[in-house]
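Trainee: structural data only, the sequence is not supplied:
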């Protein structure tokens, strides 16, 4: 059976998550201090935090993650869901894992009454963008980020 299941991350998933997280950081050539990674994991495990992680797995092997948060919006009567980080292991790409993660977030957002799901993508990440284009077109916005 090749079914991909998606579920919330739990404390026992830390080693597998950290392996995928490092793959994500390596993919973007963006090292982070270990303290930031530890802080992120702590927030992901805190039920009071708006930051949550969903894990995709097949036959007990964790293949990818989607980190999301919801927030109020001035553009809709309700909340938006922001898919902040998504990563699928190199060996699992092209097998429906990314699609399963997005479909899971769509279902979760609808069940919770959130109004929109959005994310950003690097313009040169053609593999991910081919998947995203199956869900929706890019909205033409350019992201600006000011480090404080």
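Mentor: Structure received. Note that the coordinates shown come from a computational prediction; the quantities given were computed from them, not determined experimentally.

Trainee: in this structure residue 101 contacts residue 64, no?
Mentor: Yes. In this structure residue 101 lies within contact range of residue 64 using Cβ atoms under 8 Å: 5.8 Å. (C-beta placed from N, C-alpha, C; glycine too.)

Trainee: what is in contact with these two at once?
Mentor: Shared contacts of residue 101 and residue 64 (Cβ atoms under 8 Å, 6 or more residues apart in numbering): 56, 86, 88.

Trainee: of those residues, closest to residue 123?
Mentor: Nearest to residue 123, judged by Cβ to Cβ, of the shared contacts of residue 101 and residue 64 is residue 86 at 16.2 Å.

Trainee: run through this protein and note the low-pLDDT ranges.
Mentor: Within the chain, the ranges that satisfy pLDDT under 70 run 1.

Trainee: doesn't residue 128 fall inside a strand?
Mentor: No. Applying DSSP: H, G, I helix; E, B strand; the rest coil, one finds residue 128 to be helix, outside a strand.
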